[in-house]
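Engineer: Provided below are the primary sequence and the corresponding predicted coordinates.
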Amino acid sequence: MQIHNFLLQLVVILIAARFFGEFVARFKVPSVIGELLAGVILGPSLFNIIEPTEIIKLLAEIGIVLLLFEVGIGTDFGELTKTGSKPFLVAIVGVVAPFILGFLVSFQIFNLSLLVSLFIGSTLTATSIGITMRVLTELKKQTSDEAQIVLGAAVIDDIIGIIVLSVLFEFSQGEGISFFNISKILLLICLFLLLAPIAAKLISGIIKHYSAKSEIPGLLPSTIVALILFFAWLAHIVGAPELLGGFAAGLALSRQFILPLGSFFHIDEDFSHRVEKKMKPIVHLFAPIFFFTIGLSINFREINWESGFIWLLSLSVLIAAILGKLFSGFVLFKDKNWTKWAVGIAMIPRGEVGLIFAEMGRNGNIFDKDIYAAMILVIAITTIFTPFVMRAFYSRRDKEVIKKLK
């Protein structure tokens, strides 16, 4: 692509994402829906003005990494630790339940091959932490108990998803399953999540020292962005998703840095606040590109709407996808019913993670055109409509709370 064409496309993406985000926000709908809708309208699904080129996808990847940094720096780790084992329970059930349901629907009911069924099941394990946390933030629920549970569970989901993806990749290549390789990947990811925030905390101390002495404006945001991207690269090197690098860097710079060895570091809340303030405009520049690209990647023209097989498979897998994630909220036996529902609903969006799994299935010639179309439809529905359900759920719950107070 020539530079002038790319610049024009970038102008259209930024303006369209902002316009549709503002438009839907006027109707009290989360702006993420408008950004997704902008991608669907301007992409291959409708007007085909913009195609999901590699450079746009790269900008979107930067967007999700920065978005996860914002989630990390805004995370009250003290509150997260108070949830105890809840995120782990939700994550395990949120992976196992949809995986089994998706596999059984594909293998037993539609008689698809073992590998295809496994890939369908694994695609359903995904949870889009970016979309979920964005919606919870806009609803001002990002500090709620259920938000902390979902945040922890979604991060664990991503880790488990990478392991499952690695296993299936080896299986699809006909190399069998190597428990040594799986164990190595798991160990590297755990070490990264343990050590990366500590290393980021040390590096941020250097950045803080020189930012106070710098005579050139902009040192703080430029070096913090470099730090985030560096840790995203490190995450990829150890076999983890790049977004975990951004999340780890955010945790290290948060005002509630509580990790092993964390007590040895002095927490400078003023510096953390400055970093968060400086980074917000950058995050809000790139994050809409990410959500726009999700809509751009969904091509509804590829779906043969007259195919009974696609409709039946989509509906069956969609039910499995929704029930599997809803069930994850109900493992919280001692919590209130509305908390269980809130967690289950928030875990439903598949978003970018589901698209990665589906795209891998297509690129590996595991999904044919019809199955891929069905999976894209399921991912689109869970991604686009769940924020509406979340808003309606919280609106009803808040009214009930107000009614009880009166």
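Structural biologist: Yep, it's here.
Engineer: show me which helix or strand of this protein is least confident by mean pLDDT.
Structural biologist: Here the helix or strand of the chain ranked lowest by mean pLDDT, DSSP states H and E is helix 77-82, holding a mean of 60.
Engineer: that helix: what's the following helix or strand?
Structural biologist: Remark: after helix 77-82, the chain's next helix or strand is helix 86-104, criterion DSSP states H and E.
Engineer: what does that next one contact?
Structural biologist: 80, 117-118, 120-125, 127, 148-157, 160-161, 164, 317, 320-321, 323-325, 327-329, 331-332, 343, 347 (CB atoms under 8 Å, 6 or more residues apart in numbering). Where you see a C-beta, it was placed from the backbone N, CA and C, and this is true even at glycine.
Engineer: go through that helix and flag the buried ones.
Structural biologist: Within helix 86-104, the residues scored as buried using 16 or more other CB atoms under 10 Å are 86-87, 89-99, 101-103.
Engineer: could you pull out the helices for the stretch 151-300 of the chain?
Structural biologist: Assigned by DSSP state H, counting those that start in this stretch, the helices in the stretch 151-300 of the chain fall at 179-213, 219-237, 242-253, 269-297.
Engineer: lowest mean pLDDT across these, which one is that?
Structural biologist: Note on those: lowest mean pLDDT is at helix 179-213, with a mean of 77.
Engineer: quick one: that one to helix 242-253, angle?
Structural biologist: 50 degrees (axes from the mean of the first three to the mean of the last three CA atoms, to 10 degrees).
Engineer: deepest of the helices of the stretch 151-300 of the chain, which one?
Structural biologist: helix 242-253 (a mean of 28; mean count of other CB atoms under 10 Å).
Engineer: from the contact counts, what lies against that one?
Structural biologist: helix 54-73, helix 145-172, helix 179-213, helix 219-237, helix 269-297 (3 or more CB pairs under 8 Å, 6 or more residues apart in numbering; DSSP states H and E).
Engineer: give me that answer again for 10 Å
Structural biologist: On a contact count with 3 or more CB pairs under 10 Å, 6 or more residues apart in numbering; DSSP states H and E, helix 242-253 meets helix 54-73, helix 129-138, helix 145-172, helix 179-213, helix 219-237, helix 269-297.
Engineer: which among the ones you listed is found nearest to residue 385?
Structural biologist: helix 129-138 (11.4 Å; CB to CB).
Engineer: just the C-alpha atoms of the closest one, please, in CSV.
Structural biologist: Output in CSV follows, covering the C-alpha atoms of helix 129-138 (Å, rounded to 0.1, in the frame of the first residue of the first chain):
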residue,chain,number,x,y,z
ILE,A,129,-10.9,-9.0,28.2
GLY,A,130,-10.5,-5.8,26.2
ILE,A,131,-14.2,-5.5,25.3
THR,A,132,-15.4,-6.7,28.7
MET,A,133,-13.3,-4.3,30.7
ARG,A,134,-14.0,-1.4,28.3
VAL,A,135,-17.8,-1.9,28.8
LEU,A,136,-17.4,-2.3,32.6
THR,A,137,-15.3,0.9,32.7
GLU,A,138,-17.9,2.9,30.7
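Engineer: and the gap between residue 224 and residue 207?
Structural biologist: For residue 224, the distance to residue 207 equals 7 Å [CB to CB, to the nearest Å].
Engineer: just for the stretch 301-406 of the chain, where's the confidence low?
Structural biologist: 352, 406 (pLDDT under 70).
Engineer: can you give me the helices in it?
Structural biologist: 308-329, 337-346, 351-363, 369-405.
Engineer: report the buried residues of the third one.
Structural biologist: Read it as helix 351-363. 351-362.
Engineer: what do you get for the longest one?
Structural biologist: With burial defined by 16+ other CB under 10 Å, the residues of helix 369-405 counted as buried are 370-384, 386-387, 390-391, 393-394.
Engineer: go on, the first one?
Structural biologist: Buried positions in helix 308-329, judged by neighbour count with 16+ other CB under 10 Å: 310, 313-314, 316-318, 320-322, 324-329.
Engineer: which elements pack onto that helix?
Structural biologist: helix 86-104, helix 114-123, helix 145-172, helix 337-346, helix 369-405.
Engineer: residue 187: which of the ones you listed is closest?
Structural biologist: Once the helices and strands packed on helix 308-329 are compared by CB to CB, helix 145-172 is nearest, at 11.0 Å.
Engineer: for the closest one, give the mean pLDDT please.
Structural biologist: Mean predicted confidence for helix 145-172 is 73.
Engineer: quick revisit: want to throw the helices of the stretch 151-300 of the chain into TSV with distance to residue 52?
Structural biologist: Putting the helices of the stretch 151-300 of the chain into TSV (distance: least, CB to CB, whole Å) gives the following:
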stretch	distance to residue 52
helix 179-213	28
helix 219-237	20
helix 242-253	18
helix 269-297	5
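Engineer: out of the helices and strands packed on helix 308-329, which comes closest to residue 289?
Structural biologist: Here helix 369-405 is closest among those (CB to CB), at 16.3 Å.
Engineer: that closest one to helix 129-138, inter-axis angle?
Structural biologist: Using the same axes, to 10 degrees: helix 369-405 against helix 129-138 is 20 degrees.
Engineer: elements contacting helix 369-405?
Structural biologist: Looks like helix 369-405 contacts helix 31-42, helix 114-123, helix 129-138, helix 269-297, helix 308-329, helix 337-346, helix 351-363 (3+ CB pairs under 10 Å, 6+ apart).
Engineer: select, out of these, the one closest to residue 59.
Structural biologist: helix 269-297 (4.9 Å).
Engineer: quick one: the closest one to helix 369-405, angle?
Structural biologist: 130 degrees.
Engineer: now do helix 269-297 and helix 351-363, the angle between them.
Structural biologist: 40 degrees.
Engineer: angle of helix 269-297 against helix 54-73?
Structural biologist: Using the same axes, to 10 degrees: helix 269-297 against helix 54-73 is 140 degrees.
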